[in-house]
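**Student:** One predicted model, sequence on top.
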Amino acid sequence: MSVQTAPLRRTLPRVPDRFAAFGAVLIVLITLACLLAPWIAPYPDNEPRPLEGLLPPSSAHWFGTDMVGRDVFTQVLYGGRTSLAIAVVVLAASALAGVTLGMIAGYRGGWLRDVIMRVTDVFLAFPALLLAVSLAAVLGAGVTTVIVAIAVTWWPWYARLAASVAASVSTRPYVDAARCLGVSTPKIILRHVLPNSLTPVLVQVSMDAGGVILIAAALSYLGLGVLEPTAEWGLMVEQGQTLFTTNWWVVTFPGLAIMVTAFAFNMLGEGLRNALDPRRTVR
């Protein structure tokens, strides 16, 4: 009787599916367009032109103009720079604070873990948007307020995720071997625990980028976020909402920019999670 051998698993990293690749391409294109806004925007000065207010989309103004005659396409490009910059700073600050506390809690355990986790539970007890709105109302509107308000609500998620992963990694043989060799705790965390705990954190960051952009837009829409003359997608939606039935382009294009960008980040995050999940069955 012949013995069937189990199929060999692939040892090479999995290639993200086509949706993740499509999301990555969209993110790259949107980011490049926003970064190159001073060079590719048709009206880089972005000055109001009252005599050209509320013009429909045309060859001169691809996305039309707003109430004061500013080119909406130019506004979308510059607004993307603000929205993407907010997302990058918020996620960097949240991940840095959350992962640091999570690594300490997961590795040390005991009463220190209990204290850190109870503090995170307090923040997680409130909906992120509600807590961000409350903080923004206290601090006053502005770009800095948006960053602080969202970062304060976002770091507990990374702390809890990092703590659970670090607690698992800290029990592995190579970590025990490092302890037996007398390696200090900070070096063990930096050299062994942190590098082997970053994968789920990076996946979560890619999935959270769209959520941060949505919350930043919501704060600006409520008048608690970015203020004039800074361009931002949520602020553009708020300014054009009353014109939707008559001058649809003023609110439609920034709204589409928010939706497409958030969707692209979600597709990328889902693809990375599937590609990096070791429990996923390879067909």
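**Tutor:** Yep, it's here. Remember, it's a predicted structure, so these values are computed and weren't measured experimentally.

**Student:** in the helix or strand containing residue 114, what's buried?
**Tutor:** Following DSSP states H and E, one finds residue 114 within helix 110-124. By 16 or more other CB atoms under 10 Å, the buried positions in helix 110-124 come out as 113, 116-117, 120, 123-124. No exception for glycine: its C-beta is placed from N, CA and C like everyone else's.

**Student:** now do stretch 223-236
**Tutor:** 224-226, 231-236.

**Student:** Now do it, average pLDDT.
**Tutor:** Throughout stretch 223-236, pLDDT has a mean value of 89.

**Student:** now do stretch 203-211
**Tutor:** Here the average pLDDT along stretch 203-211 is 90.

**Student:** what's the offset of it from the middle of its chain?
**Tutor:** Put simply, stretch 203-211 sits 4 Å off its chain's centre (CA atoms, centre = their mean, to the nearest Å).

**Student:** And stretch 181-195, by the same measure?
**Tutor:** 29 Å.

**Student:** Then stretch 27-42?
**Tutor:** 19 Å.

**Student:** contact partners of that stretch?
**Tutor:** 44, 60-62, 71, 73-74, 77-78, 80-81, 84, 257, 260-261, 264-265, 268 (CB atoms under 8 Å, 6 or more residues apart in numbering).

**Student:** related to what we said a few turns ago, of the buried residues of stretch 223-236, which is the nearest to residue 194?
**Tutor:** Each of the buried residues of stretch 223-236 was checked against residue 194 using CB to CB; the closest is residue 225, at 33.1 Å.

**Student:** The residue lying closest to that closest one once chain neighbours are set aside and residue 185, how far apart?
**Tutor:** Of all residues not flanking residue 225 in the chain, residue 219 sits nearest, at 3.5 Å (CB to CB, 6 or more residues apart in numbering). According to CB to CB, to the nearest Å, residue 219 and residue 185 sit 39 Å apart.

**Student:** who has more neighbours, these two?
**Tutor:** Each of residue 219 and residue 185 has its neighbours counted (other CB atoms under 10 Å); residue 219 has more, 27 against 13.

**Student:** Sketch out the helices for this protein, chain order is fine.
**Tutor:** Taking DSSP state H as the test, the helices found in the chain are 18-35, 37-40, 72-108, 110-124, 128-139, 143-169, 173-180, 185-188, 198-221, 233-240, 249-276.

**Student:** and the longest one, average pLDDT?
**Tutor:** Within the predicted structure, the mean pLDDT of helix 72-108 is 93.

**Student:** mind listing what's buried in that helix?
**Tutor:** Within helix 72-108, judged by 16+ other CB under 10 Å, the buried ones are 72-84, 86-87, 89-91, 93-95, 97-108.

**Student:** residues near residue 149, how many?
**Tutor:** 27.

**Student:** thinking it is in contact with residue 139, fair?
**Tutor:** Yes: between residue 149 and residue 139 there is a contact under CB atoms under 8 Å: 6.7 Å.
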